[in-house]
Structure formats: structure tokens, C-alpha cells
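**Student:** Kindly generate the corresponding structure for this input.
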Amino acid sequence: MRIWSKDMNYAQAKIRAEIMKALAHPVRVLIVSALMDGDRCVCELNELAAIDQSNISRHLAVLKRAGIIADRRAGMRVFYHLSTPCILKAFECAATIVRADMQRRKKSMQAG
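**Tutor:** This is a model prediction of the structure:
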């Protein structure tokens with residue numbers, strides 16, 4: 001089954017847009033990036049950005065609702081992990097887009 005298709009309907013497009021929106025914040029990008037190397041507890045994730053515990057929890061909830069991350073409890077601690085590591089392909093794609101854009105700008109500046 002192909003996930004991305006030119007024959008996608010509106011409902012399918014909306015679901016995909018919700019996933020993309022879940023990644024549309026720098027703190028959430030930092031969280032996903034931090035989880036590349038494995039499970040992290042909330043206390044570790046809280047150190048990623050200069051925001052308070054309630055804000056990091058809100059960002060974690062957005063990612064969890066989108067199905068990007070999942071959590072598990074170990075005693076008093078809550079650990080998060082990527083439930084869909086394939087999301088890292090989107091990060092690789094974004095990096096490729098940035099590199100290509102930088103190349104275009106560089107060529108444009110050299111030509112002008």
C-alpha cells in the first residue's frame with residue numbers, strides 16, 4: 001500500500017497535514033532529534049530548550065497525539081521514544097532542502 005499518492009482524498013490529506021503540523025515547532029523538532037539516539041526521560045528533554053516543564057509536556061502531547069512518539073513509565077519516571085522512526089526520513093529530506101536552497105542562493109549571488 002502506497003502512503004503518498006496523487007489519488008489522495010481530502011481526509012487523507014488532512015491526516016498527513018496534522019502529522020506535518022506536529023513537527024512545525026522548533027521545540028518539537030529538538031525533541032524528535034533528541035530521541036534519534038533512543039529513549040529519554042522528560043527531565044532530559046526538558047533541558048533541550050529554555051522552557052518550563054508544562055510547556056515541554058504540551059509539546060510531547062502534540063507529538064504523541066500525532067503518533068510520532070510514545071511513552072513508557074519506569075517507576076516515577078516517564079521515558080519517551082520514537083514510535084515511528086521513519087519520521088527521521090522527513091528530517092533528512094528537510095536537511096536536503098536546506099542544502100539545495102543554500103546552493104541556489106550561492107549560485108545566484110555568484111551570478112549577480
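**Student:** G67: what secondary structure?
**Tutor:** Each residue gets one of three states, and G67 gets coil by DSSP: H, G, I helix; E, B strand; the rest coil.
**Student:** thought it was touching C86?
**Tutor:** No - between G67 and C86 there is no contact, the gap being 11.0 Å when judged by C-beta atoms under 8 Å. For the C-beta atoms, the positions are set from N, CA and C on the backbone; glycine is no exception.
**Student:** Those two: which has the busier surroundings?
**Tutor:** Higher neighbour count among G67 and C86: G67, with 14 against 9, using other C-beta atoms under 10 Å.
**Student:** And the pLDDT for that one?
**Tutor:** If you check G67, the pLDDT there is 95.
**Student:** what helices or strands is the helix or strand of the chain with the lowest mean pLDDT leaning on?
**Tutor:** Here the helix or strand of the chain ranked lowest by mean pLDDT, DSSP states H and E is helix 42-46, holding a mean of 89. Taking 3 or more C-beta pairs under 8 Å, 6 or more residues apart in numbering; DSSP states H and E as the contact definition, the neighbouring helices and strands of helix 42-46 are helix 26-34, helix 53-65, strand 77-82.
**Student:** Give me the distance between it and the centre of its chain.
**Tutor:** Helix 42-46 has its average C-alpha position 16 Å from the chain's average C-alpha position, going by C-alpha atoms, centre = their mean, to the nearest Å.
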